[in-house]
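Student: this is a predicted model, with the sequence first.
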Amino acid sequence: MLELTVKIEAGDLYDYMLMHSYNSPAGLVGSAFGAILILFAIATRQWIFIVLGLVMLLYLPWTLFLKSRSQILSNPCFQEPLHYILDEEGLTVFQGDVRETMAWEDMHKAVSTGRSIILYTSRVNATLFPRRQLGDKRTAVIEIISTHMPPSRVKIRS
């Protein structure tokens, strides 16, 4: 059993949103199209396409940045720290009087970024473990997740 207390900040949420968006088909297509527009502008010397390409490439990160700041300020669940227990049964999260348990079998996948370990509880919802808050428990978190989830669903870099 491992207990953690985590306070999600805007940068943590932004990191998750970027990773989630750019690993989706829409994010990849939008980025590819923006890059193609810039290459087309260079090849044809029609500079309006550079502007369009830059808008395509910068729109998503900028809107995600604004959305992460807004959610941190407006969503009550981000105002207080979350207390987690990872054990043989699954993941239990406590915040105030609210308690929710999710079984390991119900977890969708586990991935990591340079900033966080992300445990998807569904295709779009996730639990974030910011690396800077895990400290010496980071290895234990990775080990528990890797032990209780199928290897095909775990893509965590140490």
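Tutor: Arrived safely, thanks for sending. Quantities reported herein were computed from a predicted structural model and do not represent experimental measurements.
Student: select the longest helix from the chain.
Tutor: Determined from DSSP state H, the single longest helix within the chain is helix 48-74.
Student: the helix or strand following that helix packs against which elements?
Tutor: Using DSSP states H and E, the helix or strand that follows helix 48-74 in sequence is strand 82-86. Contacts defined by 3 or more CB pairs under 8 Å, 6 or more residues apart in numbering; DSSP states H and E place strand 82-86 against strand 2-6, strand 90-95, helix 138-148. For glycine as for every other residue, the C-beta is placed from the backbone atoms N, C-alpha and C.
Student: most tightly surrounded among those?
Tutor: Among those, strand 90-95 has the highest mean neighbour count (mean count of other CB atoms under 10 Å), at a mean of 17.
Student: direction included, what does that strand pair up with?
Tutor: Using DSSP bridges, the strands paired with strand 90-95 are strand 82-86 (antiparallel), strand 98-103 (antiparallel).
Student: highest average neighbour count across those?
Tutor: strand 82-86 (a mean of 18).
Student: let me see the mean pLDDT of that one.
Tutor: Taken as a whole, strand 82-86 carries a mean pLDDT of 93.
Student: list the contacts of that strand.
Tutor: 1-8, 91-95, 127, 129, 141, 144-145 (CB atoms under 8 Å, 6 or more residues apart in numbering).
Student: what angle do it and strand 2-6 make?
Tutor: Strand 82-86 runs at 160 degrees relative to strand 2-6, counting by axes from the mean of the first three to the mean of the last three CA atoms, to 10 degrees.
Student: want to throw the helices and strands packed on strand 82-86 into TSV with mean pLDDT?
Tutor: As requested, those are exported to TSV (pLDDT from 0 to 100):
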stretch	mean pLDDT
strand 2-6	92
strand 90-95	91
helix 138-148	92
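Student: same list (these) but as JSON lines, adding distance to G34.
Tutor: Shown next, in JSON lines, are the helices and strands packed on strand 82-86 (distance: least, CB to CB, whole Å):
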{"stretch": "strand 2-6", "distance to G34": "34"}
{"stretch": "strand 90-95", "distance to G34": "37"}
{"stretch": "helix 138-148", "distance to G34": "34"}
